[in-house]
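S.K.: Next comes the sequence, and after it the predicted model I'd like to discuss.
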Amino acid sequence: MQQDRRRFIKLGMAGSAALATGCANQGGSEKAMVQTSSRAEGPVILSTWSHGMPANSKAWAVLNGGGSVLDAVEQGVAVVESDFTNRSVGLGGRPDRDGKVTLDACIQDHNGRAGAVAFVQKFEHPISIARAVMEKTPHVLLVGEGAERWAEENGFSQRELEIPEVRAEWLQWLDTAAYKPVANIENHDTIGMIAMDAQGQLAGSCTTSGMAYKIHGRVGDSPIIGAGLFVDGEAGAACATGVGELVIRTAGSHTVVELMRAGWDPTEACKEAVRRILRQNPKNEGLQVGFLAIRKDGAYGAWSVYDGFNYAMHTNSKEELIDAGSDRKWT
């Protein structure tokens with residue numbers, strides 16, 4: 001009788017596990033069958049926002065010139081870092097509340113190697129420092145004064161740059177010191193780029209000056225592997241833009257890539273990552289987050305909390321700026 005009872009319990013447990021697994025697989029299959037993304041035949045380069053257009057053009061030229069996809073994503077976003085009219089990337093970005101422009105960046109290759117820097121000042125190309133961290137050290141992330149000292153020791157030079165317009169805006173902001181980010185205006189704060197070459201090799205990069213008027217020392221998602229960027233050659237690549245705190249709390253880009261690994265369509269994976277953020281923050285008002293993704297087969301897509309997020313796309317056949325879908329309308 002005791003043996004029969006144990007056998008009954010074991011069979012019951014096995015049946016429950018099989019049922020749970022079947023339901024999970026069924027749900028995953030449904031999402032895998034939903035195809036809302038485009039698909040590139042051959043190389044594809046994607047990057048966030050309209051400043052991604054010149055970045056993509058540079059990255060494409062690097063690929064056509066025989067450079068690697070890692071070279072492409074580094075040199076592509078470097079174009080935006082050197083655009084001192086840009087107020088959310090590079091030395092032309094808006095400062096923190098202490099008047100300091102602090103920069104964050106990361107880069108990752110097909111095999112998951114990664115490098116990043118955060119809270120660095122007075123360097124034109126933090127993305128190149130991030131790559132050097134990846135290639136020359138056993139570390140992933142260097143920050144602040146230590147990162148600056150290491151960069152100088154490894155051939156990077158600081159650059160003094162003050163933009164009168166930016167300084168005047170900061171002084172005006174100090175009158176009230178009110179901090180309330182507005183969707184698609186003050187908090188898209190980054191360029192993220194993900195790319196795949198003709199051989200299917202993936203890479204990604206991300207660089208930013210961060211939130212305008214942030215607390216001195218604040219670091220967002222952009223230099224954090226798994227949050228602002230995640231690349232895995234076995235599954236795909238994703239990057240994020242928007243309010244970094246929301247992305248960090250959900251490991252947003254990692255979430256997108258893991259869903260694609262499970263067979264999800266890239267757009268649907270981005271949509272689910274957005275909705276996890278909204279489930280955590282149901283009363284979210286005006287805080288934008290967008291995700292951009294490439295699956296290893298060349299399918300790509302994007303999604304955002306609010307409308308207004310767009311991304312630049314470059315393939316063999318076309319080059320355009322695309323409006324991403326969204327869960328909410330911004331009025």
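M.R.: Perfect, thanks for sending it.
S.K.: for the closest residue to Ala195 other than its chain neighbours, helix, strand, or coil?
M.R.: Excluding its sequence neighbours, the residue lying closest to Ala195 (CB to CB, 6 or more residues apart in numbering) is Ile45, at 4.4 Å. Where C-beta positions appear, they are placed from N, C-alpha and C, glycine not excepted. Put simply, Ile45 is strand when judged by DSSP: H, G, I helix; E, B strand; the rest coil.
S.K.: helix or strand right after the helix or strand harbouring Val305?
M.R.: Here Val305 is covered by strand 299-306, with elements defined by DSSP states H and E. Per DSSP H and E, the first helix or strand lying C-terminal to strand 299-306 is strand 310-315.
S.K.: What strands flank that following strand, and is each parallel or antiparallel?
M.R.: strand 44-48 (antiparallel), strand 319-323 (antiparallel) (DSSP bridges).
S.K.: Out of these, which one sits most buried?
M.R.: Comparing the strands paired with strand 310-315 by mean neighbour count (mean count of other CB atoms under 10 Å), strand 44-48 ranks first with a mean of 29.
S.K.: Tell me how far it lies from the chain's centre.
M.R.: 11 Å (CA atoms, centre = their mean, to the nearest Å).
S.K.: which outside residues touch it?
M.R.: Residues outside strand 44-48 that contact it (CB atoms under 8 Å, 6 or more residues apart in numbering): 52, 55-56, 59-60, 63, 72-73, 76-77, 188, 190-196, 239, 241, 290, 292, 294, 298, 300, 302, 309, 311-315.
S.K.: List only those of those residues flagged as buried.
M.R.: 52, 55-56, 59-60, 63, 72-73, 76-77, 188, 190-196, 239, 241, 290, 292, 294, 298, 300, 302, 309, 311-315 (16 or more other CB atoms under 10 Å).
S.K.: Am I right that Leu70 falls within a helix?
M.R.: Yes. According to three-state DSSP, Leu70 belongs to a helix.
S.K.: For the closest residue to it other than its chain neighbours, give the beta-bridge partners.
M.R.: Excluding the flanking residues, the one nearest Leu70 by CB to CB, 6+ apart is Ala203, at 4.5 Å. Counting by DSSP bridges, Ala203 forms beta bridges with Asp109, Ala195.
S.K.: you'd agree Ala203 is up against Gly76?
M.R.: No. Using CB atoms under 8 Å, Ala203 is not in contact with Gly76, being 10.1 Å away.
S.K.: Show me the common contact partners of those two, please.
M.R.: With CB under 8 Å, 6+ apart, Ala203 and Gly76 have common neighbours Ala195.
S.K.: Leaving out sequence neighbours, find the closest residue to the residue sitting nearest the centre point of the chain.
M.R.: Most central in the chain under CA atoms, centre = their mean is Cys239, positioned 2.4 Å from the mean C-alpha point. Excluding its sequence neighbours, the residue lying closest to Cys239 (CB to CB, 6+ apart) is Gly192, at 3.0 Å.
S.K.: Then that neighbour would be within a strand, right?
M.R.: Yes. Counting by three-state DSSP, Gly192 is located in a strand.
S.K.: how near is it to Ile294?
M.R.: Here Gly192 is placed at a distance of 12 Å from Ile294 (CB to CB, to the nearest Å).
S.K.: for Gly286, same thing?
M.R.: Counting by CB to CB - Gly286 and Ile294 are separated by 29 Å.
S.K.: which neighbours does the strand holding Val305 have in its sheet, and in what orientation?
M.R.: Here, using DSSP bridges, strand 299-306 pairs with strand 38-39 (antiparallel), strand 289-295 (antiparallel), strand 325-328 (parallel).
S.K.: Compare those and give me the one nearest Arg261.
M.R.: strand 289-295 (9.0 Å; CB to CB).
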